[in-house]
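In: could you look at this predicted model? Sequence included:
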Amino acid sequence: MLNALLGQKLAIVTHKPQTTRTRIHGVLEVPSKAKSGVKPGHPAAQIVLVDTPGIHKPDTQLDRRMMQEVHDALEQRDAVLFIVDVTHKLPRAEGDEKKITGRMALSAAEDDFSLQLIEKLDCPVILLLNKVDQISQAEVMPLIAHWAGLYKFAEIIPISARKKINLDLLLETVVRTLPEGQRYFPKDQLTDQPERFLVAELIREKILLLTGEEVPYASAVVIEKFEEPASMKKLKDGRLPVTKIAAAIFCERTGQKAILIGKQGAMLKEIGSTARKDIESLLGTRVFLELFVKVQEEWRSKPGFIEDLDWRRQMELMAEQQALEAADE
């Protein structure tokens, strides 16, 4: 959703749940729109979109940290976009409550858990029924009726982020809903995330896409070296300058390390080559990328390690290190 609204890839996307682990801010400039016929216009606006991890019941320390990101985002908001995947079956059939079993029963519990987070909010909550391009129009109305009966949403908008269905309507609704306020970011700023964090996420995306079972969820990426070129000008031979990056991929067991490396290093090479293409597009330079796999047993249950994974914490540590180096000079 964030990428679709911004028109640019900012958040990594995979088919696997819990892909997003932290809050990602995207800054969207919306031009003013004059009233046309019966359609209302709206003033120019800057919308700060906060993409959060998916709502889920936490089992590990990492899960708890991810849910804390959700809670923190909900504390600093003017409106909430509550996104539902319409390809998931309804957890209950009206008048047929006794037939909730298996996946449908789990879905009902997940829905109830999610709704509990917004029940006490004092801001507008807009329901987005996403992926409507994958169901028939006849199936949309029952979905609207189902969710309208669970919570009093300010608006319910069927959308498709992939096909960009009703995204203009969504933006118009958000602009009308948000209160007037000051600009938070310069017009040309897309996000508050540092490039090294975005690079780490692109590498993690490839791990999610290329490996299976437990490996993606037991993996974390930390950028250990990020050397930008002295100049962004092309070299004498016409080639782009080079950014040198070294990244550590952490996993929890030696068996997972073996999978990440692959036979004769094939998997690690594929992760690196596919990630490098996206990183070069992001940075606008050539990229020399080195990947290393390290085992940190049960890291998902270690608060200190998880805290160090947060990009804000990493930036603080870098600033402290730079201050120490400057003091020694």
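Out: Nice, I can see it.
In: how close does residue 51 sit to residue 11?
Out: Using C-beta to C-beta, to the nearest Å, we find residue 51 at a distance of 5 Å from residue 11. Every C-beta, even on glycine, is put in place using the N, C-alpha and C of the backbone.
In: who's in contact with stretch 36-43?
Out: Outside stretch 36-43, the residues within contact range by C-beta atoms under 8 Å, 6 or more residues apart in numbering are 30, 32-35, 172, 175-176.
In: drop anything exposed from these.
Out: Using 16 or more other C-beta atoms under 10 Å as the burial test, those include 30, 33, 172, 175 as buried.
In: Serialize these to a markdown table and add fields for distance to residue 239, secondary structure and pLDDT.
Out: A markdown table is the format used below for the buried ones among the contacts of stretch 36-43 (distance: C-beta to C-beta, whole Å; DSSP: H, G, I helix; E, B strand; the rest coil; pLDDT from 0 to 100):
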| residue | distance to residue 239 | secondary structure | pLDDT |
| --- | --- | --- | --- |
| 30 | 38 | strand | 92 |
| 33 | 43 | strand | 84 |
| 172 | 45 | helix | 92 |
| 175 | 43 | helix | 94 |
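In: thinking again about what came up before, now tabulate the contacts of stretch 36-43 in CSV and tack on distance to residue 228.
Out: Below are the contacts of stretch 36-43 laid out as CSV (distance: C-beta to C-beta, whole Å):
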residue, distance to residue 228
30, 32
32, 37
33, 39
34, 43
35, 47
172, 39
175, 36
176, 41
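In: and which of these is nearest to residue 304?
Out: residue 30 (41.1 Å; C-beta to C-beta).
In: would you confirm that residue 18 contacts residue 218?
Out: No - using C-beta atoms under 8 Å, residue 18 is not in contact with residue 218; the gap is 11.9 Å.
In: picking that back up, which two in the contacts of stretch 36-43 are spaced the farthest apart?
Out: So, the contacts of stretch 36-43 by C-beta to C-beta: farthest apart are 30 and 35, at 15.5 Å.
In: on that earlier part again, so which of the contacts of stretch 36-43 is the closest to residue 139?
Out: Nearest member of these to residue 139, counting by C-beta to C-beta, is residue 172, at 25.0 Å.
In: wait, that closest one touches residue 35, no?
Out: No - counting by C-beta under 8 Å, residue 172 sits too far from residue 35 to count as a contact (11.2 Å).
In: shared neighbours of residue 51 and residue 11, anything?
Out: By C-beta under 8 Å, 6+ apart, the residues touching both residue 51 and residue 11 are 2, 20, 24, 26.
In: can you give the domain ranges for this protein?
Out: Listed by automatic domain parsing, the domain ranges of the chain are 2-177, 195-328.
In: looking at these, which has the lowest confidence?
Out: Among the domains of the chain, domain 2-177 has the lowest mean pLDDT, at a mean of 86.
In: what about residue 326, which SS state?
Out: In three-state terms, and counting by DSSP: H, G, I helix; E, B strand; the rest coil, residue 326 is helix.
In: I'd like the distance between it and residue 230.
Out: Following C-beta to C-beta, the distance that separates residue 326 from residue 230 is 20 Å.
In: the stretch 101-250 of the chain: strands as residue ranges?
Out: 125-130, 155-158, 220-227, 242-251 (DSSP state E, counting those that start in this stretch).
In: wait, which of those strands is closest to residue 200?
Out: Comparing the strands of the stretch 101-250 of the chain by C-beta to C-beta, strand 220-227 comes nearest, at 4.3 Å.
In: leaving out chain neighbours, which residue sits closest to residue 58?
Out: residue 64 (4.3 Å; C-beta to C-beta, 6 or more residues apart in numbering).
In: swap in residue 16?
Out: residue 208 (5.5 Å).
In: my guess is the one you found meets residue 218, correct?
Out: No - using C-beta under 8 Å, residue 208 is not in contact with residue 218, being 11.4 Å away.
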